[in-house]
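Undergrad: this is a predicted model, with the sequence first.
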Amino acid sequence: MIWVLVPILTPVLGITIGVLAIVWLEREISAGIQQRIGPEYAGPLGILQALADGTKLLSKRIFFHLEEILVYSVSDHP
């Protein structure tokens with residue numbers, strides 16, 4: 001059963017790591033251009049900052065959809 005998930009999870013994990021690397025590089029380059037401190041203070045190499053931003057984005061999307069469902073369920077709709 002686990003061997004069925006390996007071909008699915010391998011690209012997902014690769015894409016996730018790739019996105020984290022690209023976000024980290026973008027932040028480091030932006031910090032260098034703007035001559036400010038980069039995100040390296042949020043965990044090792046700033047990885048925790050990217051994870052925190054992703055978690056915040058996902059939680060906002062989830063709560064936004066829950067709010068839509070709640071508002072629709074209590075409104076007067078035909």
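TA: Structure's in. What do you need? Numbers count the residues shown, from 1 in each chain.
Undergrad: longest helix of this structure?
TA: Secondary structure of the chain per DSSP state H: the longest helix is helix 2-33.
Undergrad: buried residues of that one, list them for me.
TA: Residues of helix 2-33 classed as buried by neighbour count (16 or more other Cβ atoms under 10 Å): 23, 24, 27. C-beta here means a position set from N, CA and C on the backbone, and glycine is covered the same way.
Undergrad: now distance to residue 53 too, for those, in TSV please.
TA: Output for those, formatted as TSV (distance: Cβ to Cβ, whole Å):
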residue	distance to residue 53
23	8
24	11
27	10
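Undergrad: list just the nearest of those to residue 57.
TA: Nearest to residue 57 among these is residue 23, at 11.4 Å by Cβ to Cβ.
Undergrad: nearest spatial neighbour of that closest one, chain-adjacent residues omitted?
TA: Closest residue in space to residue 23, ignoring its immediate chain neighbours: residue 50 at 4.7 Å, by Cβ to Cβ, 6 or more residues apart in numbering.
Undergrad: where does that neighbour fall, secondary structure wise?
TA: Residue 50 is located in helix 47-74, with elements delineated by DSSP states H and E.
Undergrad: how much space separates the residue lying closest to residue 53 once chain neighbours are set aside from residue 8?
TA: Nearest non-adjacent residue to residue 53, counting by Cβ to Cβ, 6+ apart: residue 23, 7.6 Å away. Separation of residue 23 from residue 8 (Cβ to Cβ, to the nearest Å) stands at 23 Å.
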